[in-house]
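Just to be clear, the model below is a prediction. Sequence and coordinates:
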Amino acid sequence: MDILSYIVAIVAVSLVGFGKGGMGDALGLLGVPILSFVMPAVQAAAILLPILIVMDVIALWTWRAYWNKATLLIMLPGAMIGTLIGWTTFAIVPDYVMRLLIGAVALSFTGRFFYNRYLAGNVDHPARANTPVRATIWSTLSGYGSFIAHAGGAPFQVYALPLKLSPKDYTGTAVRFFAIVNAAKLVPYFMLGVLSVGNLRISAMLIPVALVATMTGAFVVKRMRPEVFYPWMYGMCALAGLKLAWDGLRPVVAMALPG
């Protein structure tokens with residue numbers, strides 16, 4: 001990698017780290033596209049996965065005192081099912097299909113929130129309770145989307161945001177959830193040949209950036225009031241939905257156009 005490639009990588013890892021620290025999945029979704037300016041997308045994803053694991057460790061320590069046990073436990077079985085399905089269908093299902101689906105769901109979900117809040121007289125629905133069926137559906141989609149397209153954040157948000165946990169408990173729960181999901185992806189990724197020694201060396205060089213960015217994101221989120229945190233997170237979910245829908249729609253449009 002040349003100097004320009006490393007500068008681009010530092011920007012990408014910084015944005016992913018801010019997201020991992022708790023500032024929202026939309027920032028994390030920018031990592032692979034930005035890295036793809038200077039390397040193939042597959043290599044970009046391979047370089048980011050070990051960095052994500054390191055970020056998970058940092059975030060776990062930073063948010064160690066905050067989480068909602070019931071929410072995490074009810075979502076983990078579905079996440080593991082989704083990861084297994086992703087492993088077995090990795091070479092079959094195009095990632096753009098998953099991106100388009102998750103993007104559409106995220107936009108519908110966040111559109112409803114902003115309509116109720118700003119156009120329908122600030123309608124405020126009561127917090128939802130954990131329910132096994134909904135948790136299994138959304139966590140399975142999250143695990144599957146994470147494995148196939150690094151796009152598991154939006155389905156997690158669709159389930160967890162309406163629970164209206166405190167900002168710190170929400171972030172701590174999300175951190176634990178994705179730390180477990182990312183760890184579960186390591187062995188399948190090795191077996192699929194996605195990771196290599198050369199890519200791991202590049203990942204190792206970017207770890208200091210990951211450390212600083214993740215802790216910075218956590219610093220900001222810990223100081224957010226709920227009335228600021230939730231609109232911010234819904235906004236991040238909407239941006240993630242737009243990004244995913246656009247990435248999923250472009251190949252469909254390209255195939256539909258003649259020539």
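Ah, there it is.

pretty sure Ile207 is touching Ile53, no?
No: proximity of Ile207 to Ile53 does not meet the contact threshold set by C-beta atoms under 8 Å, at 10.1 Å. C-beta: built from backbone N, CA, C; applies to glycine.

Tell me how far Met1 lies from Leu200.
Going from Met1 to Leu200 by C-beta to C-beta, to the nearest Å gives 13 Å.

tell me which element Ile51 falls in.
Using DSSP states H and E, Ile51 sits within helix 41-62.

Can you list the low-confidence ranges for the stretch 151-259 of the chain?
Within the stretch 151-259 of the chain, the stretches with pLDDT under 70 are 259.

just checking, what packs against the helix or strand containing Met233?
Under the criterion of DSSP H and E, Met233 resides in helix 226-256. Here helix 226-256 touches helix 25-28, helix 95-114, helix 153-160, helix 167-191, going by 3 or more C-beta pairs under 8 Å, 6 or more residues apart in numbering; DSSP states H and E.

Now the residue nearest the centre of the chain: closest residue in space that isn't a chain neighbour?
A centroid search over the chain (C-alpha atoms, centre = their mean) returns Gly153, at 3.4 Å, as the residue closest to the centre. With C-beta to C-beta, 6 or more residues apart in numbering as the criterion, Gly153 has its nearest non-adjacent residue at 2.8 Å, and that residue is Asp25.

residue contacts, that neighbour?
Counting by C-beta atoms under 8 Å, 6 or more residues apart in numbering, Asp25 makes contact with 19, 153-154, 156-157, 236-237, 240.

Can you lay out the residues you listed as CSV showing distance to Leu163?
Shown next, in CSV, are the contacts of Asp25 (distance: C-beta to C-beta, whole Å):
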residue, distance to Leu163
Gly19, 20
Gly153, 16
Ala154, 16
Phe156, 11
Gln157, 11
Met236, 17
Cys237, 14
Ala240, 19
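
Of these, which is the nearest to Val133?
Phe156 (16.1 Å; C-beta to C-beta).

how close does that closest one sit to Pro251?
Taking C-beta to C-beta, one finds Phe156 at 25 Å from Pro251.

Could you pull out the buried residues of stretch 217-236?
Residues of stretch 217-236 classed as buried by neighbour count (16 or more other C-beta atoms under 10 Å): 217-218, 221, 224, 229-230, 232-234, 236.
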